[in-house]
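> next input, structure requested:
(one chain, ligands or ions: 1)
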Amino acid sequence: MAPQDTKSTSRIAIVGVGQVGGAVAYALILGSATCELLLVDVKVDLRDAQVRDLSDVAYAAGGTVRVRAATHHEAGQCDIVVITAGSKYSLGETNIQHMHRNVSVIRNVVKAMTPFRSDAIVLVVSNPVDLLTSIAQEVSGLPKSQVFGSGTFLESVRLRGLLADKTGVAVNSVQLSVLGVHGSSQVVAWSSATINGIPLHKVVPSDGFGHDQLAAECNERAESIFRTKGSTPFGIGSVVASICASISFDRGDVQPISHFQPEFGCCFSLPVVIGRRGIMKTIKIPLEAEENAAIARSAERVKNVMKLGS
Ligand SMILES: NC(=O)c1ccc[n+]([C@@H]2O[C@H](COP(=O)([O-])OP(=O)(O)OC[C@H]3O[C@@H](n4cnc5c(N)ncnc54)[C@H](O)[C@@H]3O)[C@@H](O)[C@H]2O)c1
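Predicted coordinates:
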């Protein structure tokens, strides 16, 4: 599909300006992907401190981006709304308790922004990202193509980087995606991996490295960052800024993003074309039967959790 509009999007809101929201703002300012950046947080002192700190970034970058504090309602009137509001694990809290807390945060955040501008794009980053994206679609009342999640884009970028290092090629010559439900059940689409269009197994001898070993190394990287810093702000910040640029400049980039899958009734990541109107279309990539089955199993789990929560 040809890009519709090459005009830059002018207003982006970030809701939840903790570690991840702050890093998203930083990457957006340096990438000049917006003219005005609106910051929203229930912690007003934190929000205002982020406005001052990030305004300095904007001045240093040439002063083309204006950063200001805003309400949830104002955020809903922007071109793009990035949701990074959430809560970290509390000591002694179970996964289920933490998930319920974040489900309640996303419901409140999205409700407070309604009614949205009819062409607003909502990008969910908070975890569990696929479940929260499905809920944001429901609560926002916007078309499903305008509400999506960062999904497995960061994991795909990380794995492409590791593979590039192992094979000695540039990272942008590697085509490889992590698909399905973000987290422990995500699926690496090894069968469709290529180096500049040449199937991976033809470039790298099968005894070169193990797929499982590389995927495990990738997970361990993420966990070691999380163990030490409590978050992975720079990686996700860059990925979110890149999605915003794809939307703002109507680029038609193809990346694995969490979006609605009609066949399953919930959101998870498959490659899509991203443009000014959001998700333009899903790109069907040929996968092996076992890869498809693993994606279907993980989607079933998201659907069951959604049923419990409704
Ligand atoms: N999808 C990914 O790949 C990915 C990667 C990293 C982090 N994350 C997720 O991003 C989220 C944020 O992580 P963080 O490390 O920045 O946490 P953080 O605690 O540093 O920041 C979260 C912020 O959200 C704010 N907030 C809470 N409720 C709000 C509301 N109703 N309205 C506005 N703001 C609200 C909090 O006050 C806080 O400042 C988490 O859910 C985390 O799991 C996702």
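
> buried residues, the helix or strand hosting His98. List them.
Here His98, judged by DSSP states H and E, is contained in helix 95-113. Buried residues in helix 95-113, counted by 16 or more other Cβ atoms under 10 Å: 98-99, 102-103, 105-107, 109-110, 113. Just so you know, the C-beta spots here come from the backbone N, C-alpha and C atoms, and that holds for glycine as well.

> neighbours of Asn292, how many?
Neighbourhood size, Asn292 [other Cβ atoms under 10 Å]: 15.

> tell me how far it lies from Arg251.
Separation of Asn292 from Arg251 (Cβ to Cβ, to the nearest Å) stands at 28 Å.

> spell out the residue ranges of the helices in the stretch 201-310 of the chain.
Applying DSSP state H, counting those that start in this stretch to the stretch 201-310 of the chain gives helices spanning 211-229, 233-248, 289-309.

> can you tell me which of the ones you listed is nearest to the ligand?
Nearest of those to the ligand, taken as Cβ to the nearest ligand atom: helix 233-248 at 3.8 Å.

> contacts for the closest one next, please.
For helix 233-248, contacts defined as Cβ atoms under 8 Å, 6 or more residues apart in numbering pick out 8-9, 12, 19-20, 22-28, 31, 33-34, 79-80, 82, 84, 121, 123, 125, 150, 153-154, 157-158, 225, 251-253, 255, 257, 274-276, 278.

> closest residue of the chain to the ligand?
Of all residues in the chain, Gly18 sits closest to the ligand, at 1.9 Å by Cβ to the nearest ligand atom.

> contacts only, for that residue.
Per Cβ under 8 Å, 6+ apart, neighbours of Gly18: 41, 46, 84, 86, 231.

> over to Ala136?
By Cβ under 8 Å, 6+ apart, the residues touching Ala136 are 83, 106, 110, 122, 124, 147.

> same for the ligand: which of the buried residues of helix 95-113 are within range?
Subset of these in contact with the ligand: 102, 105, 109, counting by Cβ under 6 Å from any ligand atom.

> low-confidence stretches in the stretch 1-150 of the chain?
Scanning the stretch 1-150 of the chain with the threshold set as pLDDT under 70 gives 1-9, 89-91.

> quick one: name the residues of it near the ligand.
Within the stretch 1-150 of the chain, the residues that sit near the ligand (Cβ under 6 Å from any ligand atom) are 15-21, 40-43, 46, 84-86, 88, 102, 105, 108-109, 125-127, 129, 150.

> what's the PyMOL line that selects buried ones from these?
Of those, the buried ones can be selected in PyMOL as follows, counting by 16+ other Cβ under 10 Å:
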select buried, resi 15+16+17+18+19+20+21+40+41+46+84+85+86+102+105+109+125+126+127+129+150
